[in-house]
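Engineer: After the sequence you'll find the predicted model.
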Amino acid sequence: MSEQVTPPAEASIHPGAGVPEKKGFTDYARAFLGSAAGRNIGLVIALIVLIIIGTATAGDRFTSFDNILTVIRLASVTGVISIGMTFVIIGGGIDLSVGSVLGLSSVVASLSMVQVAAEVWWPLIIIVAIAVGAFAGLVNGVVIAYGNVVAFMATLAMLLAARGLAEIFSNRTTQIVSVKGFLDFSRGNIAGVPNLIWIFLAVAIAGWILLNRTTFGRRTVALGGNREAARLAGINVKRHTVYLYVLAGVTSGIAAVMLMGRTNVGTSTHGTLYELDAIAAVVVGGTLLIGGRGSIVGTVLGILIFNVLINIFTQNNLNTSVQAVTKGAIIVGAVLLQQRFAARSSRSSG
Amino acid sequence: MIKVDHGTPLLEVRGAKKAFAGVQALKGVDISILPGEVHCVLGQNGAGKSTLIKILSGAYTPDEGEIVWQGETVTISGPTASLDLGIATMYQELDVVDGLSIAENIFLGHELATGGIINARTANKRAKELLKRLGHGDLNPAREVGSLSPANKQIVSMARALSRDIKLIIMDEPSAVLDSEEVKNLFRVVEELTRSGIAVVYISHRLAEIREIGDRITVIKDGRSMANGLDVQTTSTPDLIKLMTGREVINVFPPATAIATDAAEVLTVTDLSVKNVFAPLSFSVKAGEIVGLAGLVGSGRSEILEAIYGALKRTGTVEVHGKPLRSGSVPDAVASGIGLSPEERKSQGLLLEEPIYRNVTLSSFARFAKLGWLNERLERTTSRAQLESLELRPADPDRAAGLLSGGNQQKVMLARWLVHGTRVLLLDEPTRGVDVGARADIYSLIRELAAAGTAIVVVSSEIEEVLGLADRVLVVADGEVLQTVKASEIDEPGVLDLVMKGSAA
């Protein structure tokens, strides 16, 4: 995302229209808050406010290094899914199946035959999990792009089907993952920071580069910004739509690996309702739900805001119902703000 | 035109000013509208016409200035207040609901209901009366609006205005979506309205229309009214253009350059057809030649372009330099050197929120990338150079495309295909939404492109434009090519005559 402040609409349409109009502080503030950097600044401020509240109410329990790592570690799994979701939403779609696909991936990757094979070469678990996610994403993408099924319905169907398949494959039993190499990897640390956090960081950085520096990202923005214009410019929109859902599936697979590592088990209930957390984080992070504009940094901040909030509630022994209400309020507030800025920046005049 | 007794003005606006986030859109507009007149508002894009309309329709409130309605100062606080006064607005993007019937659309917001239950029979009956009054008694009020042509949707929108007690109708470029025949009907309707004492504020870029239908003209430039209530009959066209643009425009169409006799055939279309839209047709375009497609809206003109481009499923063959293109594949057409500037630039051509350079490189950014890694600096400099050569000012590649005027947006579309290196350019309505001053620029650019060896196909609902631009004209009606003639050997009545005969046959 470039960080320029958009010049006023009519500045050049009226050459020689006299002296430039005087601009007040509020105009600049508004323009800044409407820009990509400005929206992220807003999220950083929200996060800082939460941290101050956490420190004030829970003190050392909240600010300790261990607690901070716990918050980020818990954020990592939905965080990775949210990165994939960011691409799908910027591209003008939605993926409701990410949580179920996570569950399915974890079940398949933890089946005993896979585990037996993985005793020889543990990365097999990771490959299987990601392959299952990618395949589910491929099915989503093909149904949406070539079957012309609305993304909401196609991925809702996958939400049900993947969860059902996971139950069939696992016979509704929980499988304990006992492959040593895998557990050492997923529970290990580098420089005192858990590997799960490193994975999240790596996925987020890769996502940022993919979105902002590559042709893949450019196509994604073009698709969500104006699908017809992208098509008529010669972009293969159907194929790219498939890629977007495969990408979301891959992040579900990675998240399944992380969750298996954290919980030591593979089960069909893994990832239940994660799709909603991911969508919430993406939208709060400033990505437009209609597509065409969004930010990976915003999504990461969105995920952190929700997880810090949960931690504050837990530290203060408040019940989860209050937590849910607060999350709801944050989502509505963020979307309201987003709409105000969107209306300002796109209003045409003259 | 019927002259009406010049009594007290129906509506007066005095010194209206309006600013958005520090940008002064209106800097002092005066306008005075008499009952029963057709008052035309002229101005380039960005001059402030839309803002003025929105003030009258209650969408905006002016920062300064006075609105006087039938001798009384009023404030128009919202769309409902505007309607209550007796002002109806027909926006360019028609505000009809596709899923509702004609009658339901007409009475939307003031349904004929008793105790919340809609009386459909009365509504249909009254809708029928209104449609008859507008010369469209043949439309069934129960028909779903989504199935209507743009012209008929406009009639529904007008009927809705008439269903209330209206004294003033504002029409924002009503002819933009209509062809010549439909424009004639629109004019009949406008006459009928003014005869019953209703005033019409008519906004259009087309001077010829204003001449035909208008009584008086107000010209707006840079948010100020330059002239208020000029007589249509006595004001000359050069004077009007000068008032609008601040400069004189002499000849709009550049002279055609002779095509080399040995020029290569670039685009060859053989037996091209789209089922239920147009019959098989064949034609070819040489390097440096401009071929125009003339015909009414709905004659299949745009679809012919889309089929050549691969955006519509087709039968028949399309060849570029003798190499056939894959049917139904836009990427293949683009790779072979065909470019399309679509009819609706905003909804089909541009990413309005994205910077200009990304719009310019939308068809070619992959070529600026290495292994998928974008080179945005090169994209910017290439775009800037291209914009400068097209004289788009300021040539700032980082501005959002949505902030540009219609003419500049068209230049961005041309820049896209120039950067891509296009050999065949398909232009659908190249000057829709482009104001008078910028049109001449676009025309000479198109001519320059042809002179540089590009094969060009132009579609326009303005026959004058097709004839002025093209070397050769294909007259199309009901999906058939009626005749192929040199542009210099036919005039506007000639084309219309052909079209009428063709449709009747």
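Structural biologist: Looks like it arrived, so ask away.

Engineer: residue contacts, A:Asn67?
Structural biologist: Counting by Cβ atoms under 8 Å, 6 or more residues apart in numbering or on different chains, A:Asn67 touches A:61, A:311, A:315. Yep, even glycine has a C-beta here, placed from its N, CA and C like the rest.

Engineer: Next: B:Val458.
Structural biologist: Contacts of B:Val458 by Cβ under 8 Å, 6+ apart are B:290-293, B:427, B:430, B:446, B:465-466, B:469-470.

Engineer: Tell me the one of these nearest B:Arg216?
Structural biologist: Within those, the smallest distance to B:Arg216 is 26.8 Å, found for B:Glu465 (Cβ to Cβ).

Engineer: May I ask you to confirm that that closest one is in contact with B:Thr431?
Structural biologist: Yes. Counting by Cβ atoms under 8 Å, B:Thr431 is a contact partner of B:Glu465 at 6.5 Å.

Engineer: Which one of these two is surrounded by more residues?
Structural biologist: Neighbours per residue, other Cβ atoms under 10 Å in any protein chain shown: of B:Glu465 and B:Thr431, the larger number sits with B:Thr431, 25 against 22.

Engineer: which SS class is the more buried one?
Structural biologist: At B:Thr431 the chain is in coil, as set by DSSP: H, G, I helix; E, B strand; the rest coil.

Engineer: Next, count neighbours for the residue lying closest to it once chain neighbours are set aside.
Structural biologist: Counting by Cβ to Cβ, 6 or more residues apart in numbering or on different chains, B:Thr431 lies nearest to B:Arg439, which is 5.0 Å off, once chain neighbours are set aside. Neighbour count of B:Arg439, defined by other Cβ under 10 Å: 21.

Engineer: all strands of the stretch 151-300 of chain B, in order?
Structural biologist: Assigned by DSSP state E, counting those that start in this stretch, the stretch 151-300 of chain B shows strands spanning B:168-172, B:199-203, B:216-221, B:224-231, B:265-274, B:278-286, B:290-294.

Engineer: who touches the third one?
Structural biologist: Residues outside strand B:216-221 that contact it (Cβ under 8 Å, 6+ apart) are B:29, B:31, B:34, B:37-44, B:47-49, B:52, B:210, B:225-232, B:235, B:240, B:243-246.

Engineer: and the gap between B:Asp63 and chain A?
Structural biologist: B:Asp63 sits 12 Å away from chain A, going by Cβ to the nearest Cβ, to the nearest Å.

Engineer: on that earlier part again, buried subset of the contacts of strand B:216-221?
Structural biologist: Buried residues within those, counting neighbours by 16 or more other Cβ atoms under 10 Å in any protein chain shown: B:29, B:31, B:34, B:37-44, B:47-49, B:52, B:210, B:225-230, B:232, B:235, B:240, B:243-245.

Engineer: thinking again about what came up before, farthest pair in the contacts of B:Val458?
Structural biologist: Using Cβ to Cβ, the contacts of B:Val458 span at most 14.4 Å, a distance reached by B:Leu293 and B:Ile446.

Engineer: Need the per-residue pLDDT for residue 2.
Structural biologist: You didn't say which chain, so I picked chain A. We have a pLDDT of 40 for A:Ser2.

Engineer: looking at chain B here, not the other one
Structural biologist: For B:Ile2, pLDDT reads 44.

Engineer: burial of the residue in the stretch 151-300 of chain A positioned nearest to chain B, as a residue count?
Structural biologist: Closest to chain B within the stretch 151-300 of chain A is A:Gly234: 3.2 Å, counting by Cβ to the nearest Cβ. Other residues near A:Gly234 come to 25 when the count uses other Cβ under 10 Å.

Engineer: who touches it in this structure?
Structural biologist: If you count contacts by Cβ under 8 Å, 6+ apart, A:Gly234 has them with B:330-331, B:333-335, B:363.

Engineer: One more: A:Ile81?
Structural biologist: A:98-99, A:102, A:248, A:251-252, A:255, A:271, A:274-275, A:278.

Engineer: how close does it get to chain B?
Structural biologist: To chain B, A:Ile81 is 24 Å away according to Cβ to the nearest Cβ.

Engineer: just the strands in chain A please.
Structural biologist: Using DSSP state E, the strands of chain A run over A:175-176, A:189-190, A:193-194, A:265-266.

Engineer: Give me whichever of the ones you listed is most buried.
Structural biologist: Highest mean neighbour count of the strands of chain A: strand A:265-266, a mean of 22 (counted as mean count of other Cβ atoms under 10 Å in any protein chain shown).

Engineer: That strand packs against which elements?
Structural biologist: Using 3 or more Cβ pairs under 8 Å, 6 or more residues apart in numbering or on different chains; DSSP states H and E, the elements in contact with strand A:265-266 are helix A:98-109, strand A:175-176.

Engineer: out of the ones you listed, which comes closest to chain B?
Structural biologist: If we rank these by Cβ to the nearest Cβ, the stretch that ends up nearest is helix A:98-109, at 24.6 Å.

Engineer: so how far is that closest one off the chain centroid?
Structural biologist: Offset of helix A:98-109 from its chain centre (Cα atoms, centre = their mean, to the nearest Å): 17 Å.

Engineer: Just the CA coordinates for it, please, in CSV.
Structural biologist: Output of helix A:98-109 as CSV, limited to C-alpha atoms (Å, rounded to 0.1, in the frame of the first residue of the first chain):
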residue,chain,number,x,y,z
VAL,A,98,-11.5,-22.2,6.3
GLY,A,99,-12.3,-23.5,9.9
SER,A,100,-13.8,-26.7,8.6
VAL,A,101,-11.0,-27.3,6.2
LEU,A,102,-8.6,-26.8,9.1
GLY,A,103,-10.5,-29.6,10.9
LEU,A,104,-10.4,-31.9,7.9
SER,A,105,-6.7,-31.2,7.3
SER,A,106,-5.9,-32.0,10.9
VAL,A,107,-7.9,-35.3,10.8
VAL,A,108,-6.3,-36.5,7.6
ALA,A,109,-2.8,-35.5,8.6
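
Engineer: Just the mean pLDDT for that helix, thanks.
Structural biologist: Averaging pLDDT along helix A:98-109 gives 98.

Engineer: ditto for stretch A:254-274
Structural biologist: Averaged across stretch A:254-274, pLDDT comes to 96.

Engineer: Next: stretch B:403-420.
Structural biologist: Per-residue pLDDT values over stretch B:403-420 give a mean of 93.

Engineer: gap between B:Ala81 and B:Pro9?
Structural biologist: Going from B:Ala81 to B:Pro9 by Cβ to Cβ, to the nearest Å gives 19 Å.

Engineer: okay, now B:Gly316: neighbour count?
Structural biologist: Using other Cβ under 10 Å, B:Gly316 has 16 other residues around it.

Engineer: same thing with the one 10 residues further on?
Structural biologist: Other residues within reach of B:Arg326 by the criterion other Cβ under 10 Å amount to 13.

Engineer: Tell me if I'm right that it and B:Asp332 touch.
Structural biologist: Yes. The criterion here is Cβ under 8 Å, and B:Arg326 meets it with B:Asp332 at 4.3 Å.

Engineer: Can you pull the residues that touch both of these two?
Structural biologist: Residues touching both B:Arg326 and B:Asp332 comprise B:Gly310, with contact defined as Cβ under 8 Å, 6+ apart.
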